[in-house]
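**Q** take a look and give me a structure for this.
(2 chains)
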Amino acid sequence: AQSVTQLDSHVSVSEGTPVLLRCNYSSSYSPSLFWYVQHPNKGLQLLLKYTSAATLVKGINGFEAEFKKSETSFHLTKPSAHMSDAAEYFCVVSAHGSSNTGKLIFGQGTTLQVKP
Amino acid sequence: EAGVTQFPSHSVIEKGQTVTLRCDPISGHDNLYWYRRVMGKEIKFLLHFVKESKQDESGMPNNRFLAERTGGTYSTLKVQPAELEDSGVYFCASSQTRTVMNTEAFFGQGTRLTVV
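**A** A predicted model of the protein is given here:
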């Protein structure tokens, strides 16, 4: 079975400082991992995805994530936070198996606050 | 290109009433998924359609929930009768191919359901 754990429910940073949102996964298979973001009153938007290619994945808006199999982690980072980055972020793993339906398994979410 | 659209955006109903949520996927997307986020919990999978067929409904909580996708286009999710614990945000997503390895699941803005 697959699962993801987001280690922080809330993260607060100052504008211009680095962002780190932590995620650990559990998977019996080689996982497909994603980060989604939800801004207030908006739908979920894909930031980036890892599907067994390069371990360092670059996404939109300057975000990137590194897949570390030895640590079962897929942390999301950004060098410099912008006010517009304030949102809720979800680490997601795709459920694999014989059915391989594309079902997604979500972490609990991390709310990012960016202070001026 | 229009994204995934969900109606209504908000719904407040009394316990015991019936509510029907609608999802219009992106045109041409055969795969349609319903997810739900109950207050304070993670987003959880409900079910998956491929065209008009239910591929996986393992996440449906009980028989008060009925999902349909007549003609393989839009989908409805009916809750009858609604209970207090059904309150939450219901998300719909669509994708072109069944696996998310090489495609993206696009999400709607969600329907916030409040049962009082």
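**Q** residues from chain A in reach of chain B?
**A** Residues of chain A lying close to chain B by Cβ under 8 Å from any Cβ of the partner chain are A:32, A:34, A:36, A:41-46, A:49, A:51, A:90, A:94-95, A:99-109. C-betas here are computed from N, CA, C, even on glycine.
**Q** just the buried members of the residues you listed?
**A** Buried members of the residues of chain A next to chain B, counted by 16 or more other Cβ atoms under 10 Å in any protein chain shown: A:32, A:34, A:36, A:43-46, A:49, A:51, A:90, A:94-95, A:101-109.
**Q** let's see which of those end up in helices.
**A** Among those, no member is found in helices (DSSP state H).
**Q** among those residues, which are in strands?
**A** A:34, A:36, A:44-46, A:49, A:90, A:94, A:104-106 (DSSP state E).
**Q** lowest-confidence entry in those?
**A** Ranked by pLDDT, these bottom out at residue A:94, which scores 85.
**Q** where are the low-confidence patches of chain A?
**A** Low-confidence segments of chain A (pLDDT under 70): A:96-101.
**Q** report the central residue of chain B.
**A** In chain B, the residue lying closest to the centroid (Cα atoms, centre = their mean) is residue B:34, at 3.2 Å.
**Q** element containing that one?
**A** Using DSSP states H and E, residue B:34 maps to strand B:31-37.
**Q** next structured bit after that strand?
**A** Counting by DSSP H and E, what follows strand B:31-37 is strand B:43-50.
**Q** got the CA positions of the helix or strand following that next one in CSV?
**A** Using DSSP H and E, the helix or strand that follows strand B:43-50 in sequence is strand B:53-56. Extracted in CSV, the C-alpha atoms of strand B:53-56 (Å, rounded to 0.1, in the frame of the first residue of the first chain):
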residue,chain,number,x,y,z
SER,B,53,-18.1,2.8,-16.6
LYS,B,54,-17.1,2.7,-12.9
GLN,B,55,-13.6,1.5,-12.8
ASP,B,56,-13.0,1.7,-9.1
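**Q** same question for strand B:53-56, mean pLDDT?
**A** The model assigns strand B:53-56 a mean pLDDT of 92.
**Q** elements contacting that strand?
**A** strand B:43-50 (3 or more Cβ pairs under 8 Å, 6 or more residues apart in numbering or on different chains; DSSP states H and E).
**Q** now the angle from the strand it packs on to strand B:31-37?
**A** In terms of direction (axes from the mean of the first three to the mean of the last three Cα atoms, to 10 degrees), strand B:43-50 departs from strand B:31-37 by 160 degrees.
**Q** near chain A at all, strand B:43-50?
**A** Yes. Counting by Cβ under 8 Å from any Cβ, chain A is contacted by strand B:43-50 at B:43-45, B:48.
**Q** and that strand, which strands flank it?
**A** strand B:31-37 (antiparallel), strand B:53-56 (antiparallel) (DSSP bridges).
**Q** ok, and which of those strands has the densest surroundings?
**A** Counting by mean count of other Cβ atoms under 10 Å in any protein chain shown, strand B:31-37 has the highest mean neighbour count of the strands paired with strand B:43-50, with a mean of 24.
**Q** please name the nearest non-neighbouring residue to the spatially most central residue of chain A.
**A** For chain A, the residue sitting closest to the mean C-alpha position, by Cα atoms, centre = their mean, is residue A:35 at 3.1 Å. Spatial nearest neighbour of residue A:35, chain neighbours left out: residue A:47 (4.3 Å); criterion: Cβ to Cβ, 6 or more residues apart in numbering or on different chains.
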